[in-house]
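>>> No letters, just coordinates:
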């Protein structure tokens, strides 16, 4: 004989907590990835990253590395752990790194960064200068190739 219970004395959130832990925690371990926006402002490129709650001077680094603009840092969770274990967190914490390709002519002197109201703004002066299309003239006939070799006599 089997017993069927219509009401079980258990935690009503246990099933939800189990589902959350199984599916959401692996995503949460991926860390914090700030949203970015890149736009052209005349000849400059402007990169904006959403970094609310950070101390920009302490937690963020902006640098040019290998022809890329690299922004990295960390959003720290400084709260104490919730003791009843029933906290749902949608805010991600951890280290982040975003990189953006730059034209070869850009140097570190062309880059400025500011932080206001949770948004990091990086301006790359002259990033779009000289990037316009250049027409290459086409000539008729066979191109002449200069060579140091003399024809054999």
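Sure thing, it's come through. Nothing here was measured: the structure is a model prediction, and the numbers come from that model.

>>> Going by residue numbers, what spans are strands in this structure?
36-41, 44-50, 60-65, 68-75, 94-101, 111-116, 119-124 (DSSP state E).

>>> Would you mind giving these as a markdown table with distance to residue 134 added?
For glycine as for every other residue, the C-beta is placed from the backbone atoms N, C-alpha and C. Formatted as a markdown table, those follow (distance: least, C-beta to C-beta, whole Å):
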| stretch | distance to residue 134 |
| --- | --- |
| strand 36-41 | 19 |
| strand 44-50 | 20 |
| strand 60-65 | 26 |
| strand 68-75 | 25 |
| strand 94-101 | 20 |
| strand 111-116 | 26 |
| strand 119-124 | 21 |
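
>>> Save the ones you listed as CSV, and put in distance to residue 136, mean pLDDT and mean neighbour count too.
Shown next, in CSV, are the strands of the chain (distance: least, C-beta to C-beta, whole Å; pLDDT from 0 to 100; neighbours: other C-beta atoms under 10 Å):
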stretch, distance to residue 136, mean pLDDT, mean neighbour count
strand 36-41, 25, 94, 12
strand 44-50, 26, 95, 18
strand 60-65, 30, 95, 15
strand 68-75, 29, 92, 18
strand 94-101, 24, 91, 14
strand 111-116, 32, 96, 14
strand 119-124, 27, 96, 19
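
>>> so residue 127 makes contact with residue 110?
Yes. Under the criterion of C-beta atoms under 8 Å, residue 127 lies in contact with residue 110, with a separation of 7.3 Å.

>>> For those two, work out which one has more neighbours and name it.
More crowded of residue 127 and residue 110, by other C-beta atoms under 10 Å: residue 127, with 24 against 18.

>>> Please give me every residue in contact with the more buried one.
Shown in contact with residue 127 (C-beta atoms under 8 Å, 6 or more residues apart in numbering): 43-45, 102-103, 106, 110.
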